[in-house]
Structures are given as structure tokens and as C-alpha cells.
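Q: The following block contains a protein sequence and its predicted model.
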Amino acid sequence: MKGNFPIQQWNGVPTPFYFYDTDLLKRTLQAVKEETERYGFTQHYAIKANANPRLLSLIASYGFGADCVSGGEVQAALDAGFPADKIVFAGVGKADWEINLALQAGIFCFNVESLAELHVINELAALQNKKACVEFRVNPNVDAHTHAKITTGLSENKFGINLSQIESVLQVAQTLTNIKVIGLHFHIGSQITDMSAFKDLCIKANELQDRLQQKGYTFDNINFGGGLGIDYHHPNHICIPDFAGYFAVFNQLAERRANQAIHFELGRAIVGQCGSLISRVLYVKEGEVKKFAILDAGFTELIRPAMYDAYHRAENLSSELPEQTYDVVGPICESSDVFGKDVALNEVRRGDFIAFRSAGAYGEVMSSTYNLRKLPTAYFSEDF
Ligand SMILES: *Cc1c(COP(=O)(O)O)cnc(C)c1O
């Protein structure tokens, strides 16, 4: 089965481009909203997954907050209509101008990843006569069982404050006049499909809160980050992730203290399935041992296969001929510019439209102009 694409209307549209299924995005947003609100949880969309302005405005209209990891993202969130008091700002290396921008805007909180950063936020907040709200990002040493390059919650990763150091950081924070500690933050990785990682996270968070409570620390907010994965192999059958199962884990296992707000920052699970990268076949090259489908899209438009060995389902939208096996490659002058090896596609001819599915997250937003290529245009289903 292939997805439903208006290819008759794409004649003359330059490729490669991104195509977003607005209807699927809306259905996904509705599902996340319902499952988040079922338990009174709060959702901040992780802007880094896809910062397309049209897409951001649509997401903001559902009442979600935004999770940002740079000053540029904080600005994009504000521009798209996310209320400042629903913006959270994480990242191990916040520059002074980024902190100042967020202070000026009056964001909900900084998710602070080191003592060094805490001191700088305190100083910059003092200069603006403000109190900065912070959550501490704790590295809970939980193995997310995902790709090494998208694991963030192990002690060896650069993210967060180690469990053993959190208490001393809280002590310091109490002495800083322009800091207000409002919570704890966790984010253990991305493309997590094994719920046991989230169960481990809940247990670690409970233990930590118990330990800190004994020392007199309580928190108004717990933020469990994002990380819920999508099914890259079945974009047509499982196009909306199991949000119900995901939130049920936290509802069951995370011990919620009185009047405590629980926050999430999903990115990929919200936008991943609604986007496809559309390219055309330039050439079919019959090699000695391989047949290559050479496309006009490369890792400049979709870097996940080259960067994370990621799989994206490829579909030939123009052909119903019997399947053949191809190495599907791009035009970039790098051997890593390969979308997939030994990929079964309906027989490919020059000019055919090839779709890479499940490319709504970490796709368009990671595109580059390497080889002096043009950045891809984005279209939405309602444009055709
Ligand atoms: C990337 C990121 C997210 C979103 O991760 P997904 O896997 O896309 O859900 C959430 N929080 C933080 C701090 C992040 O860096």
C-alpha cells in the first residue's frame, strides 16, 4: 500500500520538496491533545523536530506550549503565536544573547543543564531586574534503548546534571537572588518505542523526588521531556503513535505530588508521520553488481539515513510495475549520500516521483545548502 498523494497536480513543481499532510497532522494533534488533557498534563511541542512556520502556527492553535533549544527557536515560537509563558528553553550551551532574549520575552522556564549556566542566568536576570524561573535538567542514567546518536539520558552523555550532583546544585540555587527553582526536567532520548525506558524514567524520578523531599525540596513542576518514537516501517497503517499507551505509563507510574504539574515535550511523535520528502528519479544506472536509482534529493534534504542510519520507507508514486531492487542514492558528492540499499521499488524510470515517508520530523529542519544546493520548498496538502 502507498500513501495518497496528488501527483497529477505536481507537474511543473520543482523537486525535491517537502509535502505535509495537513489532515493527518490535525488528527495527530487532536489525539495528543486529548491524551495529554485526559490526565491534566501539559504539552510543549519540541520545535526542533520541525520549525516550518505554517506548521508551527497550526500546532500553536491547539493550545500547546513550545520546547525550544536555541534563541532562534524561542523567536520562532513567539512569531508563530506560542504564548511566552508556555515556552520552555533547554540546551547545554545557551549563549548570553539567547538567555537575554528568553528573559525579555518572559518564558515559562529555563531548563538548566549545569551549575555554570545557572550562575550566568542569575547574573543576566539581575541585570534585567528579573527572577528567572528554572527547572533543573537531571540526567537520570536511563538507557533509552535507541540509536547511540539520539540517546541523551546516560551519565556519559553531555546533557543534564548527574543524579549525584543535583542536591549541591539545588543548594547553590537557594543562594542566588535572581533564580526561582520551579521544577525538575528529564529528557532521555528520541525515537523510543520500548515503554520500559519510560517506566524506568518514572521510577528514577520518584526516587529522586523522595530523596530530595527528605532534604526539604519540593517541586511544582516535573517535565518528562519527549522521545516517543514513530513506526517508520508502517507509515500507512500506524500513522498516529500510541499516545494513549505512552501517557498511561506516566499516569500509572509517576507519583504525582499535590498540586504538581506534569509536562511533556513531544516532537517527532507529533510531526513525524505527516511529512514526506518528494523527489524525482534523474537516472537509473545499471552498475556491475548493483542497480542505482539516482534521485534529485540527497542528504541535503533528508540527512537522517546518512547521520543515524535511519530507515525511511521509499515509495515509487509513479509506477505500478513489478518491484525491482535498487540502491537509492542522491546526487551529493559523498559516499554517505545513500537513502537505502537493496530497496524494493516498483520499477523505476526517469522522472518518476519517489516519496520518502515519515519525514516530518528532523527532515526539512535539518536541510542544508551543501554543494550549493537550494533549500527545499514545503507544500501542504491543501495547496493542491
Ligand atoms: C529533542 C528534544 C525533545 C523532543 O524529542 P522527540 O524525540 O522529538 O520527542 C524534547 N525535549 C528536549 C529537551 C529535546 O532536546
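A: Perfect, I can see it now. Residues are numbered from 1 along each chain as shown.

Q: Write out the residues of the stretch 151-300 of the chain neighbouring the ligand.
A: In this structure, the stretch 151-300 of the chain approaches the ligand at residues His187, Ser190, Gly225, Gly226, Gly227, Leu228, Glu265, Leu266, Gly267, Arg268, Ala269, judged by C-beta under 6 Å from any ligand atom. The C-beta positions use only the backbone N, C-alpha and C, and glycine is treated the same way.

Q: Which positions within stretch 5-23 qualify as buried?
A: Under the neighbour-count criterion of 16 or more other C-beta atoms under 10 Å, stretch 5-23 has Phe5, Trp10, Val13, Thr15, Pro16, Phe17, Tyr18, Phe19, Tyr20, Asp21 buried.

Q: Now do the SS call for the residue in the stretch 101-250 of the chain that the ligand sits nearest to.
A: Using C-beta to the nearest ligand atom, the single residue of the stretch 101-250 of the chain nearest to the ligand is Gly226, 2.7 Å away. Look at Gly226: counting by DSSP: H, G, I helix; E, B strand; the rest coil, its state is coil.

Q: Tell me how many other residues surround it.
A: Around Gly226 there are 24 other residues, counting by other C-beta atoms under 10 Å.

Q: 882 is where my numbering starts, stick with that
A: Yep, numbering from 882; the last one is Gly1107 now.

Q: dump the residue contacts of it.
A: Ala927, Asp948, His1068, Ser1071, Phe1145, Glu1146, Leu1147, Gly1148, Arg1149, Ala1150 (C-beta atoms under 8 Å, 6 or more residues apart in numbering).

Q: Test my guess that the third one contacts Thr1032.
A: No: using C-beta atoms under 8 Å as the test, His1068 is too far from Thr1032 to be in contact (10.8 Å).

Q: So these two - more neighbours on which side?
A: Higher neighbour count among His1068 and Thr1032: His1068, with 26 against 22, using other C-beta under 10 Å.

Q: Show me what the helix or strand of the chain with the lowest mean pLDDT is packed against.
A: For the chain, using mean pLDDT, DSSP states H and E, the weakest element among its helices and strands is strand 1042-1043, scoring a mean of 92. With contacts defined as 3 or more C-beta pairs under 8 Å, 6 or more residues apart in numbering; DSSP states H and E, strand 1042-1043 has these neighbours: strand 1013-1020.

Q: Low-confidence ranges, the stretch 982-1131 of the chain, go.
A: 1034 (pLDDT under 70).

Q: Please enumerate the helices of it.
A: Counting by DSSP state H, counting those that start in this stretch, the stretch 982-1131 of the chain has helices at residues 996-1008, 1047-1056, 1076-1095, 1124-1134.

Q: Lys1172: which of these is closest?
A: Closest approach to Lys1172 among the helices of the stretch 982-1131 of the chain (C-beta to C-beta): helix 1076-1095, 39.3 Å.

Q: Provide the contact partners of the closest one at residue level.
A: Against helix 1076-1095 from outside (C-beta under 8 Å, 6+ apart): 1019, 1021-1027, 1034, 1044, 1047-1048, 1051, 1065, 1067, 1069-1070, 1073, 1099-1100, 1103, 1105, 1108, 1126-1127, 1130-1131, 1134-1136, 1138.

Q: Centre of the chain to it, how far?
A: 23 Å (C-alpha atoms, centre = their mean, to the nearest Å).

Q: residues in contact with the nearest residue in space to Arg1185 that is not next to it in sequence?
A: Leaving aside its sequence neighbours, Arg1185 sits nearest to Ala1191 (C-beta to C-beta, 6 or more residues apart in numbering; 3.8 Å). Going by C-beta under 8 Å, 6+ apart, Ala1191 touches His1028, Tyr1113, Arg1185.

Q: pretty sure the second one is touching Ser1239, no?
A: Yes: at 4.9 Å, Tyr1113 counts as touching Ser1239 under the criterion of C-beta under 8 Å.

Q: Put the alpha carbons of stretch 1072-1080 into CSV.
A: Taking Å, rounded to 0.1, in the frame of the first residue of the first chain, the C-alpha atoms of stretch 1072-1080 are listed here in CSV:
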residue,chain,number,x,y,z
GLN,A,1072,12.7,7.5,18.8
ILE,A,1073,12.0,5.5,21.9
THR,A,1074,9.5,2.7,21.2
ASP,A,1075,10.2,0.5,24.2
MET,A,1076,7.9,1.7,27.0
SER,A,1077,10.2,0.1,29.6
ALA,A,1078,12.6,3.1,29.2
PHE,A,1079,9.8,5.5,30.2
LYS,A,1080,8.8,3.2,33.1
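
Q: Return the set of buried residues in it.
A: For stretch 1072-1080, by 16+ other C-beta under 10 Å, it's Gln1072, Ile1073, Thr1074, Ala1078, Phe1079, Lys1080.
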